[in-house]
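[1] Build me a model:
(chains A, B and C)
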Amino acid sequence: MTEVLDTSTPMGRPLKRKEDARLLHGQTNWTDNIQLPGTVHMAILRSPMAHAKITKLDVSGALDQPHVVAAYGAAELGDLNGAIPCVWPVTDDIQMPPFPALAVDKVRHVGDAVAVVLATDKTAAYDALEAIDVDYEPLPAVVDMEAALQPGAPLVHDGEGAPMSNECYTFPLPGTGIPYDEAKAKADVVVKRRFVNQRIIAGYMEPRAVVASPMGMSNEMTVWSATQIPHILRVLLSLVTGLPENALRVVAPDVGGGFGGKLQLYREEILAVQLARHLGRPVKWTETRSEDMVASHHGRDQIQDIEICATKDGKLLGLKVDLLADMGAYLQIITPGIPLLGMFMFPAIYKMESYDFNCVGVFTNKTPTDAIRGAGRPEATFAIERIMDELAAELNMDPMKLREMNWIQHEEFPYATIAGLTYDTGNYEAATAKAMDLFGYDELRAEQEARRASGDPVQLGLGISTFTEMCGLAPSRTLGALKYVAGGWEHCTIRALPTGKIELITGTSPHGQGHETAWSQIAASILGVEVEDIEVVHGDTGRAPYGMDTYGSRSLAVGGQAIKKAAERLVEKAKVIAAHQLECSVDDLEFVDGAFRVKGDPEKAQPLAAVAFEAFSAHNLPDGVEPTLQAEATVDPDDFSYPHGTHLCAIEVDTETGKSTIRKYVCVDDVGVQVNPLIVEGQVHGGLAQGIAQALYEGVEYDEDGNLLTASFADYLIPSAADLPSFVTGTTVTPSTTNPLGTKGVGEAGAIASTPAVINAIVDALRPMGVTDVLMPASPQNVWRAIEDAKGGAA
Amino acid sequence: MIPVAFDYTKVNTVDEAVAALVSGGEDAKIIAGGQSLMPVLRLRMAAPEVVIDISDVAEMQGVSDAGDAIVIGAGTTHHAVMNDPLVKTHAPLIAMTTETVADPQIRHRGTFGGALAHADPAGDLPAAAVALDAVMTVAGPDGRRDIPAKDFFVDYFTTSLEPEDILVSIRIPKLGEGWAYHYEKFNRTAQGWAIVGVAAAVKRQNGSIEAARIGLTNMGPGPVRATSVEAALAGAAASDDAIAAAAENATDGTRATSDLHAKADYREHLAKVLTKRAVAKAAGV
Amino acid sequence: MTHVPISVTVDGTVYDGEVEPRTLLVHWLRDSLGRVGTVVGCDTSSCGACTVLLDGRSVKSCSVLAVQADGHSITTIQGLAEGEDNWHPVQTALKECHGLQCGYCTPGMVMSTVDLLSENPNPTEEEIREGLHGNLCRCTGYHNIVKSVQHAAEAMGGAK
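    I've put the predicted structure just below:
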């Protein structure tokens, strides 16, 4: 069971963040701020075509340009041209074509890297790109996934040993429960839908950047990168470049957002490292936003054929999911695995007898896809929550009532789901009750009725999303079973320094989440020290050598366990030293408010800081106790954690223009025990904005030739403050039992839950007009067209 | 990204600007606030050899009263225009429309004349300019001349300015008493360009509409004066039904195109809806 | 390429330099002056991360040529606080209300807010949202940024 934490400690309090001072004064250390002597700046010539043969590439013209030091195409780069590995080969027969950093002979998406120039001046490097002589022979582009799978479709990869089709893999989950056909045979109602979960970008505000700096004559290399994964990056960079891992230091300094987009090994990182080593001087590259749009991985992009069957009373019987998942032109590090993270989540919080899942990964001439906030789970949640509303409409039931009668009751936990997971805890009833209360569901339904009755051109819709997700990635054995190459553990080292300060070294790598504050709160609560006296060291493989970094709402659920264990171990060691100093037995001591006290004689005490100094001076340590006071822990989680919540959205839809305006958004999330409610709330807000943005505003668009139409922030519409509402947020706390802190994870919750809530609301508003779906983003035009199509259908 | 290299000349008078354009030829570009030009330069969609900075030309700054019209210096920033008492009094439609242009930072730098001379079909101000029969005062090698707004906007990003011309000021006739105004902008996000915009000026008298002037944004290569709507409104009742009926003519004379943000048929539909709304709001219906 | 001499006051200090005419103000601040508190987020004047005050008014420093700042005064995020312990109320408010996460949009968001409150000391929520629409943030969903601006307005004596 989860222990109850002392409310007098910093744990659970909404402390203001330690990080903020430097961020608010422009004292931040972004990668692009780094200016090392002798740096050469890298600029990359990118393909303007989606699919073409490179018939001529002559970089010599660039070499004649001022300040240029070197220029390379794939031919000149030779063996230095590393390839990006995919570390998640999801099936035995997956097609994994090579993904060279610089394209060899052929380009496969707009933005594919063709040549690279290095110059002592950033501007000169860009200028020199124009002096590169390159000719392309255009090839037909593969843009649409279904067309890509047709016989005779042009092949994205057609070299020697390449697949004979654009199919990357087919992953069938062996059906669990009874066969789907049996479930369907028992059903009174079957609803089948096709949903399109469109391609989006991560949209972190800090563009990617990398600086690679070799150290003189040695092999050593320091790499600063705007990355979420310095530790994983170090391993991968070593594997790809052949640089000994023990000579490579990767630093993620202040990183301006990631959202999965910086969970990657990018070709520019490989090129910077290789060329820094080759040239013996620092290489720096900072992308422009326009480059980011074509060269940083995209996410989502699934066509979802989903079928659900139920009795006429609304009892769910079975679910069948067939996915097409767009890989893009190449496999990035975990591209194929993303839809499979969703595979577990399609059945969501519902009980059913049968579940059938199949996913086909497809190559197209588009930017590769990979993880973006939620990674597979938003897609799954969207599909199930959307079709639950469609089923409710078919059954003529209130959509919340349908959910209630099918979700796992709180007393049924732990619950083994039809997808093969075991949900440890949850209380969907409690979160829903609270959300419904905050929302005013009945009043809004009454207003909806009134607007319908009066034929108001502005209709009101109510959307529900009762979601869950799996966080705390991940038990290493589970990852192994899924063919993911690495593990999912996390590390922490805590050092009590002789001056009384605490150094907390974590393997998580924050990029906006506030780990410095939250991790200090956890450790301070155990060590009895001030939050301010703890320095959290992260994102530097030199100072924090072990870690698995930050993604998948794992940092607290997994990393938090390591912090707790390391802190407790440190107290254990300190206790032995304190007992020696106080001339008593360990069992006579209690640890209260940061000091060891002799039970029954509180005057006899030694604070932790004093013990730390004793451990440093080592003048009087007990026999067999080593000097220095530090402890470490590496924790592999027992299982995932399962945050959940109920999200309710009221939307006004202007049926004349198609414009949707959120009137009220309420969510009650259960993320388990909260370390810092202020940070929890902030994470929820940001997730909501991103999920709402997918529903209403954002979508990557290509034309039929594979040209990216949404190629800048002027055309890819990230919402501003004026485009979003304030949110009503609440929480319930059902502690997780899969980790001793009782935490679950919050980074992705809002992004996962909100998208279907918004779309359900729009469809709900328009259902009397015959609308049963609207394409995302639900732009005014898309909504208007859905209305027009429904009118046409009725006629 | 960084613009392609160029030379830079700062001029202090209109004559100096014209002389610089003459010597720079087709490879010269004018910069004032730079809010239209800078993104184009940064994306290297344009590569002028010389950039002529007119932001210090005193004559092109500010708003003055010219009796039956006000005159807005082409170099007056959007922020100055929308807060100017003369503009607010005599050309409120210009102030209202300017408030919808881009965002506060861009309005602090961007200029009235710059937005007009850029002639972006999605730009808001051209529609207001044609609705109000603005007159552009242009300086060129042969001196100055006036170009009515309806003849100024020629095509996508193209005006009747010759390469050696510079837009000096814009004359906005005062419509006088009894007129009311509204600019109805429809965009997907607050930052987004107008998918369609409608600039409306309406004169009401005794429960009916005496006259109306309507300019449409992004319904063709340039701003469109919705004359059919104006004709239908003249003398019509100031009622929802009458306005809606008149607005059905909003697509007359338009040449809406399809792009990433909207297809032509949707733009045409919006033009009618938004014209109805703009007129109704201006007319206080 | 001809370099042009410029003299610009940045956060109270006069800097004389020579720049290529094409140099963006933000690049001059960052690369030549090393004043890296102001950052670049896009190339289409969309995100507002680079917002500074030019003669007291907010502008996007990626869309101003350094030569155009000649003779003018620039205030950046680094020049706002009067000493380490004397934060500008907008900075204080953003910390108090958790109005930032990764902090990349923050310099621009702060400068835009300073400008907004100088023109409208007591803005409504809608005016705040409209007034900041030239600044994109991906982390906060803007909810706490709006709260921060309200908090700052109150602290600065604007709100009742």
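[2] from here on, contacts and neighbour counts on C-alpha atoms
    OK.
[3] Name the residue closest to the centre of chain C, please.
    Of all residues in chain C, the one closest to the mean position by Cα atoms, centre = their mean is C:Met111, 3.0 Å from it.
[4] Now do that residue, the pLDDT please.
    Per-residue confidence (pLDDT) for C:Met111: 98.
[5] quick one: the helix or strand where it lies near chain A?
    Using DSSP states H and E, C:Met111 sits in helix C:106-119. Yes. Using Cα under 8 Å from any Cα of the partner chain, helix C:106-119 reaches chain A at C:Thr106, C:Pro107, C:Val110.
[6] residues in contact with the last one?
    Pointing back at C:Val110 there. Residues counted as contacts of C:Val110 (Cα atoms under 8 Å, 6 or more residues apart in numbering or on different chains) are A:Leu24, C:Ile77, C:Val90, C:Gln91.
[7] So what's the model's average confidence on the host helix or strand of A:Cys649?
    For A:Cys649, the host element (DSSP H and E) is strand A:644-654. Taken as a whole, strand A:644-654 carries a mean pLDDT of 98.
[8] Which elements pack onto it?
    Contact partners of strand A:644-654 among helices and strands, from 3 or more Cα pairs under 8 Å, 6 or more residues apart in numbering or on different chains; DSSP states H and E: helix A:428-439, strand A:458-468, strand A:660-670, helix A:749-766.
[9] Mean neighbour count and mean pLDDT for those - can I get that in JSON lines?
    Shown next, in JSON lines, are the helices and strands packed on strand A:644-654 (neighbours: other Cα atoms under 10 Å in any protein chain shown; pLDDT from 0 to 100):
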{"stretch": "helix A:428-439", "mean neighbour count": "20", "mean pLDDT": "98"}
{"stretch": "strand A:458-468", "mean neighbour count": "27", "mean pLDDT": "98"}
{"stretch": "strand A:660-670", "mean neighbour count": "24", "mean pLDDT": "98"}
{"stretch": "helix A:749-766", "mean neighbour count": "30", "mean pLDDT": "98"}
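[10] Can you report how many residues neighbour the residue lying closest to A:Val733 once chain neighbours are set aside?
    Leaving aside its chain neighbours, A:Val733 sits nearest to A:Gly672 (4.9 Å; criterion: Cα to Cα, 6 or more residues apart in numbering or on different chains). Residues within reach of A:Gly672, counting by other Cα atoms under 10 Å in any protein chain shown, total 26.
[11] which ones are touching A:Gly672?
    A:Pro643, A:Thr732, A:Val733, A:Thr734, A:Pro735, A:Ser736, A:Gly742, A:Thr743, A:Lys744, A:Gly745.
[12] how about 10 Å then?
    Counting by Cα atoms under 10 Å, 6 or more residues apart in numbering or on different chains, A:Gly672 touches A:425-426, A:557, A:641-644, A:731-737, A:741-746.
[13] With B:Glu59 instead?
    Neighbours of B:Glu59 in contact, by Cα under 10 Å, 6+ apart: B:Asn12, B:Thr13, B:Val14, B:Gly73, B:Ala74, B:Gly75, B:Thr76, B:Val168, B:Ser169.
[14] which residues are in contact with the least confident helix or strand in chain B by mean pLDDT?
    Sorting the helices and strands of chain B by mean pLDDT, DSSP states H and E puts helix B:37-42 at the bottom, at a mean of 94. Contact with helix B:37-42 is made by A:714, B:1-5, B:29-31, B:34, B:44-48, B:110, B:114-115, B:118, C:22, C:24, C:42-46, C:62-65, as judged by Cα under 10 Å, 6+ apart.
[15] my guess is A:Ser509 contacts A:Ile229, does it?
    Yes. Between A:Ser509 and A:Ile229 there is a contact at 6.6 Å, judged by Cα atoms under 10 Å.
[16] Now for those two: what residues contact both?
    Both A:Ser509 and A:Ile229 are contacted by A:Val251, A:Ala252, A:Gly539, A:Asp540, A:Gly547, A:Met548, A:Asp549, A:Thr550, A:Tyr551, under the criterion Cα under 10 Å, 6+ apart.
[17] I'd like the distance between the closest residue to A:Arg445 other than its chain neighbours and A:Leu444.
    Nearest non-adjacent residue to A:Arg445, counting by Cα to Cα, 6+ apart: A:Leu462, 7.6 Å away. With distances taken as Cα to Cα, to the nearest Å, A:Leu462 is found 8 Å from A:Leu444.
[18] Same check on A:Ala567?
    50 Å.
[19] between these two, which one's more packed in?
    A:Ala567 (27 against 16).
[20] would the more buried one count as being in a helix?
    Yes. Assigned with DSSP: H, G, I helix; E, B strand; the rest coil, A:Ala567 falls within a helix.
[21] Make sure I have this right: A:Lys791 is in a helix.
    Yes. The assignment for A:Lys791 is a helix, going by three-state DSSP.
[22] right, and it touches A:Leu766 too?
    No. The criterion here is Cα under 10 Å, and A:Lys791 misses it with A:Leu766 at 11.2 Å.
[23] Mutual contacts of A:Leu462 and A:Leu444, please.
    A:Ala650, A:Lys664.
[24] list the contacts for the residue of the stretch 301-450 of chain A at minimum distance from chain C?
    Among the residues of the stretch 301-450 of chain A, A:Arg373 lies closest to chain C, at 11.5 Å counting by Cα to the nearest Cα. By Cα under 10 Å, 6+ apart, the residues touching A:Arg373 are A:201-202, A:258-261, A:299-300, A:551-553, A:687, A:690-691, A:747-752.
[25] Give me the phi and psi for it.
    phi 0, psi 100 (degrees, to the nearest 10).
[26] any idea how far chain B is from it?
    Shown here: A:Arg373 relative to chain B, a distance of 22 Å by Cα to the nearest Cα, to the nearest Å.
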